[in-house]
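How does the following fold in three dimensions:
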Amino acid sequence: MSAVCQQTCSRFSAGLRQAAAAAASRASPLTVNLSEVKEAAVESFAHFCPVMSAVEKPVLIHNDLDEGAVKRSLVTRVADKMYETKFEYNIEKLKNEGRYRYFANLQRHVGTFPRATFRGQNDESTVPREVMVFCSNDYLGMGQNPVALKACHEAIDTSGTGAGGTRNISGTTKYHVELEHELAMNHEKESALVFSSGYVANEAALSAVGKIMPDCVMISDSGNHSSMIEGIRHSGCEKVIFQNNNLDQLEAVLKSYPLERPKMIIFESVYSMAGSIAPMKKICDLAEKYNALTFCDEVHAVGMYGDHGAGVAERDGVADRIDIISGTLGKAYGVFGGYVAASSNFIDCVRSYAAGFIFTTAIPPVVAAGALASVRYLRHSGVEREMQQLRAKQLKAKLAAKGLPAMNSTSHIVPVLVRDPVKAKQVTDKLLEEYNIYLQPINYPTVPRGTERVRITPLPLHSEKDLDMLVSALDSIWDDLELPRNVPVGDVTD
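Below is the predicted model:
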């Protein structure tokens, strides 16, 4: 075969594949007629070949094109494009609605937090600069508490980095055992069980109820966290929702079921997006009147309320009346993980039936040790709690003086309404770019549409001067964006 023929054959094979791909781009690869594609390619390339050009109607006698392989390749290319297009569309949709979540690259520094080093949003090339953080869940600054840090250092030096297994298979250490004992005692319960997060604690415990009591009616507050909603869904139990903190609705639901029917009232003590607090005593009264269990999420309350930091239930004197309490070790306690505290029988059932507990590695000993030290510290120290409450009170007063629409929070959380996702993002962008203040917008689905906000969490580590700086910045931004002031916020619930 001449060099010209070899070159022509090579170009023909490549062209044939390109023609097949082009045909597939115009239709489903499964419906491409490769015979027609080959005929068209023969006619197109005939003039390159001295033999084919001399034939009146050239016909392809043999080619090295594997039709099956080509079709599989085409299907893969089109499928990849199809899926990537779907992914891209859904991300663009979030961005256009102002709901896309950006991860700010923040570096905390022990001893200077809530000041932190900001390195951009998913961008390592950004020049680092110092910012003031006003949205941390490390409510009391325990993430840099010397007592907790010392406990972590000692544990990592003696036990290493990881637990090395599930709780059932070599993953239980003295730190886990002591932590669970401390948590149970703190909540006036017989037992406690530690999970990898507060989310997992709620989801796993509630889903396990469906295996223990499949006929249980889950009566859920409308403001409950996603972890509780998912746990209820996975339980497979009958579900009824009542409006946030609406006791009349709750009683009507309870009254509609026989006393002997298993029922569980599921609610939070502090609703983190609105800052409202549940009427704990009245809920306990209704639960006892209608023979229902109570499951209370104290995630945003543990460490923050009560003489020993055991939450709103302790503060209100009803800890012994709440059947099941869930909490976190990653917010006021400044470490990581979650837990459930209840009767020994209930905890044993969760330990034995909850997939989210059984089939995962235990939290590292260093984490358990740090959490244990933090829980013990806040059990005896109220200084941090008192200062945090003071800062929250001061901030609410300063916002009100400027007519900024802070929601009617009765807790340490201070949400300010914007009511528009795009403008909420603009508020936080301007705070960061012009004032070196870091806040995050809160949008749907975390809160209902039309109730978008910025959620401020003043810390005991913030000074009053820091609060003045924040309020002054918000005051200017409200003017720049022409956002409304002195508007009613009492109609907003989560």
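
Next up, phi/psi of Tyr271, please.
When read as degrees, to the nearest 10, the backbone of Tyr271 gives phi -90, psi 110.

Leaving aside the residues adjacent along the chain, what's closest to it?
Among residues not flanking Tyr271 along the chain, Gly223 sits closest, at 4.7 Å (C-beta to C-beta, 6 or more residues apart in numbering). Any C-beta I mention is one placed from the backbone N, CA and C, and that applies to glycine too.

Could you tell me which residues make contact with Pro262?
Taking C-beta atoms under 8 Å, 6 or more residues apart in numbering as the criterion, Pro262 is in contact with 213, 215-217, 293.

ok, now Val270?
Contacts of Val270 (C-beta under 8 Å, 6+ apart): 276-278, 298-301, 304, 312, 411-413.

And Tyr89, by the same measure?
If you count contacts by C-beta under 8 Å, 6+ apart, Tyr89 has none.

so is it in a helix, a strand, or just coil?
Using DSSP: H, G, I helix; E, B strand; the rest coil, the structure places Tyr89 in helix.

Model confidence score at it, please.
Per-residue pLDDT puts Tyr89 at 93.

show me where pLDDT drops low in the stretch 1-150 of the chain?
Scanning the stretch 1-150 of the chain with the threshold set as pLDDT under 70 gives 1-80, 121-125.

one step back: and for the residue nearest to Tyr271, the neighbour number?
For Gly223, the neighbour count with other C-beta atoms under 10 Å is 21.

Quick check: the gap between it and Ser197.
Gly223 sits 20 Å away from Ser197, going by C-beta to C-beta, to the nearest Å.

same deal with Ser463?
Applying C-beta to C-beta, the value for Ser463 to Ser197 is 32 Å.

Same question for Ile442.
20 Å.

Could you do Tyr257 as well?
Per C-beta to C-beta, Tyr257 is found 32 Å from Ser197.

Tell me the first helix or strand C-terminal of the helix or strand encompassing Lys423.
Assessed by DSSP states H and E, Lys423 sits inside helix 421-435. Remark: after helix 421-435, the chain's next helix or strand is strand 437-438, criterion DSSP H and E.

same for the helix or strand just after that following strand, what does it pack against?
Downstream of strand 437-438, the first helix or strand assigned by DSSP H and E is strand 441-442. In terms of contacts (3 or more C-beta pairs under 8 Å, 6 or more residues apart in numbering; DSSP states H and E), strand 441-442 is packed against helix 421-435, strand 453-456.

hey, which of these is tucked in deepest?
Mean neighbour count (mean count of other C-beta atoms under 10 Å) peaks for strand 453-456 among the helices and strands packed on strand 441-442, with a mean of 23.

Looking at Tyr257 and Ser197 now, which is surrounded by more residues?
Between Tyr257 and Ser197, counted using other C-beta under 10 Å, the more crowded position is Ser197 (20 against 17).

list the contacts for Leu404?
Contacts for Leu404 (C-beta under 8 Å, 6+ apart) come out as 416, 471, 474-475, 478, 485.

Of all pairs in these, which one spans the longest distance?
Pairwise distances across those peak at 12.7 Å for Val471 and Arg485 (criterion: C-beta to C-beta).

neighbouring contacts of the helix or strand hosting Ser207?
In this structure, Ser207 sits in helix 198-212 according to DSSP H and E. Contact partners of helix 198-212, identified using C-beta under 8 Å, 6+ apart, comprise 193, 195, 216, 218, 225-228, 230-232, 234-237, 264, 266, 295, 297, 299, 324, 326-331, 337-340, 349-350, 353-357, 360.

Out of the helices and strands packed on strand 441-442, which gets nearest to Leu286?
Leu286 lies closest, by C-beta to C-beta, to one member of these: strand 453-456, at 29.6 Å.

Tabulate the contacts of Val270 in JSON lines, adding columns for neighbour count, distance to Gly162 and pLDDT.
As requested, the contacts of Val270 are exported to JSON lines (neighbours: other C-beta atoms under 10 Å; distance: C-beta to C-beta, whole Å; pLDDT from 0 to 100):
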{"residue": "Ser276", "neighbour count": "23", "distance to Gly162": "39", "pLDDT": "94"}
{"residue": "Ile277", "neighbour count": "21", "distance to Gly162": "38", "pLDDT": "97"}
{"residue": "Ala278", "neighbour count": "24", "distance to Gly162": "37", "pLDDT": "98"}
{"residue": "Glu298", "neighbour count": "29", "distance to Gly162": "28", "pLDDT": "98"}
{"residue": "Val299", "neighbour count": "28", "distance to Gly162": "25", "pLDDT": "98"}
{"residue": "His300", "neighbour count": "30", "distance to Gly162": "29", "pLDDT": "98"}
{"residue": "Ala301", "neighbour count": "31", "distance to Gly162": "30", "pLDDT": "98"}
{"residue": "Met304", "neighbour count": "27", "distance to Gly162": "30", "pLDDT": "98"}
{"residue": "Val312", "neighbour count": "24", "distance to Gly162": "34", "pLDDT": "98"}
{"residue": "Ser411", "neighbour count": "20", "distance to Gly162": "36", "pLDDT": "95"}
{"residue": "His412", "neighbour count": "24", "distance to Gly162": "34", "pLDDT": "96"}
{"residue": "Ile413", "neighbour count": "24", "distance to Gly162": "34", "pLDDT": "95"}
